[in-house]
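Peer 1: From the sequence below, what's the structure:
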Amino acid sequence: MKPYRFCPDCATELALITVAEDGGEKERLRCPSCGFTHWNNPTPVVAAVIECTDRDGQVLLARNAAWPGRFFGLITGFLEAGESPEDGIRREIGEETSLAVDSLDLLGVWDFQRMNQVIIAYHAQARGEIRLSPELVEYKLIAPEDVRCWPQGTGQALATWLRAKGIEPQWLDLKKE
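Peer 2: Purely as a prediction, here's the structure:
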């Protein structure tokens, strides 16, 4: 994400300024004129390991149109204002795949520092005809024992789900992929 350059309140150029905060001194982008602070807090992202109950429990992975290469990942998205994480992932699954969600179980929460995000991941049991939104260009249905996880971000959620099913995760070698 591109950092702020100017104060959104007074348009003065922001500067890295150190100020004493509750946890000690902290350097942040701050406005030297009006005192605005750009906190740069992580963005919450919801994600789902989708188990297709009407397709022998296969896992749905999709490829985002904006991603380089042929990487397939979990369905993810940002929360809307006033939306719970559960409602957000149900909405994202519906918008991106047209699947109906029958159940949701929280898998866990992971930090994804490279993107300054916090991932809230669920296991979703879903069914229906898969119709992708324009955001996604293709999908794969894979038997859980054949899924390969990736080391960062949502790959940890997928590995957690596999372990809960008694399946030891296989890992992608991203240098070869």
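Peer 1: In terms of secondary structure, what does the longest helix anywhere in the chain contact?
Peer 2: Looking across the chain with DSSP state H, the single longest helix is helix 85-97. Contact here means 3 or more C-beta pairs under 8 Å, 6 or more residues apart in numbering; DSSP states H and E; on that basis helix 85-97 packs against strand 43-52, strand 58-64, strand 75-78, strand 100-112, strand 117-127, strand 136-142. For the C-beta atoms, the positions are set from N, CA and C on the backbone; glycine is no exception.
Peer 1: If we use 7 Å, what do you get?
Peer 2: Counting contacts by 3 or more C-beta pairs under 7 Å, 6 or more residues apart in numbering; DSSP states H and E, helix 85-97 is packed against strand 43-52, strand 75-78, strand 100-112, strand 117-127.
Peer 1: Please identify the buried residues of the last one?
Peer 2: Of all the residues in strand 117-127, those buried under the rule 16 or more other C-beta atoms under 10 Å are 117, 119, 120, 121, 122, 123, 124, 125, 126.
Peer 1: got JSON lines for these, with pLDDT and distance to residue 36 too?
Peer 2: Below are those laid out as JSON lines (pLDDT from 0 to 100; distance: C-beta to C-beta, whole Å):
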{"residue": "117", "pLDDT": "95", "distance to residue 36": "23"}
{"residue": "119", "pLDDT": "98", "distance to residue 36": "28"}
{"residue": "120", "pLDDT": "98", "distance to residue 36": "29"}
{"residue": "121", "pLDDT": "98", "distance to residue 36": "33"}
{"residue": "122", "pLDDT": "98", "distance to residue 36": "35"}
{"residue": "123", "pLDDT": "98", "distance to residue 36": "41"}
{"residue": "124", "pLDDT": "98", "distance to residue 36": "39"}
{"residue": "125", "pLDDT": "98", "distance to residue 36": "45"}
{"residue": "126", "pLDDT": "98", "distance to residue 36": "43"}
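Peer 1: among those residues, which two are most distant?
Peer 2: 117 and 125 (24.9 Å; C-beta to C-beta).
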